[in-house]
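1. Give me the fold of what follows.
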Amino acid sequence: MSRYGQEDIYQLVLINPKTNQEKKLYSSYLMSNDVPFSVSQYQLVWAETKNDIRWGNRSYSNIKTLDINTGKLNTITKKAKYYAPAIDPSGKQIVCVEYNNKNICSLLILDAITGQISKRIPNPENELFQTPTWSNDGKNIVFIKLHPTKGKALCLLNIETGITENLIDYSNENIAYPVCDGNYIYYDSPISGIDNIYAISINTKEIFQVTSRKLGSYYPAISNDGSKLLFSEATDQGYMLMEMPLDSLKWLPLNKVEKRLDNSFNILVEQEQKKSILDSVPTNNYQVSKYALTPFKRNAYSWYVLSLPTAINLSLKSQNPLSSFATEGAYNYNYNENANSFQLNTSYAGLYPIINMGGIVGRRVSTYDSITNVPNILGDSTKAYTYSWNEKSAYFGLELPLNLSSGSYVSNLTLAVNAAYTNISDLHRFELFKNSNGTFFPITYSLDYSRRTSWLRDMLPTWGQTIHLSYAHTPFNGDFNGDLLSAQGVFYFPGIIKHHSLFFEAAYEKQNPVNYRFESKILFPRAYKYVFEKEILKGSVNYTFPIAYPDFSLIHSLYFKRLAANLFYDYGIAKSTQTNYYRSTGIELKSETFVFHIPIPFIVGLRGSYLFDNIDNEYNIEGIFALSF
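-> Purely as a prediction, here's the structure:
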């Protein structure tokens, strides 16, 4: 069977009916639970979405097969638009629906091994075909077709003759999920006001109500010997797998079923003078012309808040109708430096790499050390003093985002290079090397990779990795010079209990500040105030777990969805003028909060820390504001 819910990702499960033992065969967030899978001769068949590696608005639907005995997984089609596949009893043919880029719908029969098309069923009126399945002898295909004005019809196609018969003629009855045992076709219908399973005799065309469940029954399936009906029953705990014997003597004839179809739309028909409003739509012919790729035709698109390793980003975005040109205005707050900046970015995404141009204006903050007269075990103590400067940059860059997602994992790889012209002003620092205001030309290279799997109730990935590599330097003559090498990775593992998460972070950064300091790419160890270090190695261990799901709303303004806790230990060792340690441990209490129905969750809470290497203040309590746990 297929199963999913708040707890579990889409998955195919094998159940032993004698022992009720379950075995997970396959899972993927790219499957659709709305269209059932098909099984025959120990072969599972289903359709799965495949995103284009580069173009976000392009995707495919390919057919996959799985041998239950061997566990061998095959993708038998590539870059296809195939939906609702069903395998025949012999395991040699697959029937599916094709819906191509020109909105042409077809019923196809494929070779189950190669995926090659062996037959295409004519569809002169371009009706929409839905959920085809085979009869138990493999000679007929039963399916639903949807006409744009007539409604739905239940059809039986004879493979040998090619003749299609409408067993149930067009109507507004929302029939769905038909299966055939040779004598009857079983399907789901809401004709009584509650979705239940009905059966129509192929020979006599008589219709019977087979199930009568209070909240509904769906997805009928017939046992191999034809003696039992399996289906999903809707309950207050979700869908439950049910089984019942097939005894036609206990079925209720359709003429004795009280029909309670929802005809509330008739009120609208009365208001529209009892005729279709589509009849008054003019049939104008519009001239087709090539779209001009101008950056000046723009639509307000969206706003969003982005959480970065060392900063929070609030952006407002607009783009043209084809999404090829986009402009973003952003506010950035850097956690390490406690500094603000504003950014304007224009992107052209019509080529394989994205071209970015823009500018950043903001404040930069760093520190310098002063020797004090307070001795410690390492010798003289140092105290960090802050200084700042204004920084303005105009930049040009290339970015290549690649979507590598497959199966249960969301995977992305982004390669980027960025060149900038940067001006520094109002700089007053008190360090030994020469300081001045001026301009320079930094270049930054970066690689970001992430691979993770998680589901609705998971706060963090159950399995996952994120890696960031970057290198910035100043290869051209300018008033400032320096370079920065940064590498960091986060590795997620399942916790002791479901929806708990154990994750580790490792980071290394080295600067060579001839007379310029690049912005650090890693977050400083928790509870310590940021100070500049030429070289720092950081590691951390975290264990995150949910405490409660209050689902509490305060005056329709604040919605508290989930409370969670995180236990952490941070270890940092750094070198500048001397070796410094930054070690801390503690607990974070966080709430996943929504404000004014904004669909972005804000994480607010408190952090209590013990600082191993802070003589003045060993204990620290601070507020938390973030966008992720």
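2. Show me where the protein dips below the pLDDT cut-off.
-> 32-35, 261-263, 265, 272-278, 292-302, 369-383, 429-436 (pLDDT under 70).
3. ranges for the helices of it?
-> Assigned by DSSP state H, the chain shows helices spanning 266-271.
4. For the residue nearest the centre of it, give me its contacts.
-> Nearest to the geometric centre of the chain sits residue 410, at 7.0 Å (Cα atoms, centre = their mean). With contact set as Cβ atoms under 8 Å, 6 or more residues apart in numbering, residue 410 has these partners: 29, 450, 451, 452, 453. (Glycine included, C-beta is placed from N, CA and C.)
5. of those, closest to residue 473?
-> residue 450 (25.3 Å; Cβ to Cβ).
6. Name all residues that make contact with the residue nearest to that closest one when sequence neighbours are not counted.
-> Using Cβ to Cβ, 6 or more residues apart in numbering and skipping residues adjacent in sequence, the residue nearest residue 450 is residue 466, 4.4 Å away. Residues in contact with residue 466 (Cβ under 8 Å, 6+ apart) are 448, 449, 450, 451, 452, 489, 490.
7. out of those, which one sits closest to residue 42?
-> Once Cβ to Cβ is applied, the member of the contacts of residue 466 that ends up nearest residue 42 is residue 451, at 31.0 Å.
8. can you tell me how far residue 440 sits from residue 516?
-> 7 Å (Cβ to Cβ, to the nearest Å).
9. coming back round to it: test of understanding: give the bridge partners of the residue nearest to residue 450.
-> residue 450, residue 490 (DSSP bridges).
10. Over to residue 74?
-> Beta-bridge partners recorded for residue 74 (DSSP bridges): residue 65.
11. if I read this right, residue 354 contacts residue 396, doesn't it?
-> No. Applying Cβ atoms under 8 Å, one finds residue 354 not in contact with residue 396, separated by 11.9 Å.
12. Residue 509 versus residue 144, what's the distance?
-> Going from residue 144 to residue 509 by Cβ to Cβ gives 59 Å.
13. My error: substitute residue 575 in the last question.
-> Counting by Cβ to Cβ, the gap from residue 575 to residue 509 is 11 Å.
14. Grab the nearest non-local neighbour of residue 452.
-> Counting by Cβ to Cβ, 6+ apart, residue 464 is the residue found nearest to residue 452 once chain neighbours are left out, at 3.0 Å.
15. burial count for the one you found?
-> Applying other Cβ atoms under 10 Å, we find 20 residues neighbouring residue 464.
16. contacting residues around it?
-> By Cβ under 8 Å, 6+ apart, the contact list for residue 464 reads 409, 450, 451, 452, 453, 454, 490, 491, 492.
17. circling back: output the contacts of residue 410 in CSV; the columns should cover distance to residue 327 and neighbour count.
-> Listed next are those as CSV, based on distance: Cβ to Cβ, whole Å; neighbours: other Cβ atoms under 10 Å:
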residue, distance to residue 327, neighbour count
29, 32, 18
450, 26, 18
451, 31, 19
452, 30, 20
453, 34, 19
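18. Need the max-distance pair from the residues you listed.
-> Among these, 29 and 450 lie farthest apart (Cβ to Cβ), at 14.6 Å.
19. Who does residue 238 form a beta bridge with?
-> Under DSSP bridges, the beta-bridge partners of residue 238 are residue 235.
20. For burial, what's the neighbour tally of the nearest residue to residue 529 once chain neighbours are set aside?
-> Leaving aside its sequence neighbours, residue 529 sits nearest to residue 384 (Cβ to Cβ, 6+ apart; 7.6 Å). By other Cβ under 10 Å, 16 other residues sit near residue 384.
21. Give me the distance between residue 384 and residue 240.
-> The gap separating residue 384 from residue 240 is 62 Å, by Cβ to Cβ.
22. surely residue 179 meets residue 221?
-> Yes. Contact criterion Cβ under 8 Å: residue 179 and residue 221 qualify, at 6.2 Å.
23. who has more neighbours, these two?
-> Neighbours of residue 179 and residue 221, each counted by other Cβ under 10 Å, are more numerous for residue 179; the result is 24 against 18.
24. How about the contacts made by that one?
-> 133, 142, 185, 186, 187, 220, 221, 222.
25. buried ones in stretch 75-82?
-> Within stretch 75-82, the residues scored as buried using 16 or more other Cβ atoms under 10 Å are 76, 77, 80, 81, 82.
26. Switch those residues over to CSV; also include distance to residue 103.
-> Output for the buried residues of stretch 75-82, formatted as CSV (distance: Cβ to Cβ, whole Å):
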residue, distance to residue 103
76, 24
77, 20
80, 16
81, 10
82, 15
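27. Quick check: of those residues, which lies closest to residue 66?
-> Using Cβ to Cβ, these come closest to residue 66 at residue 76, 11.1 Å.
28. Great, nothing more from me.
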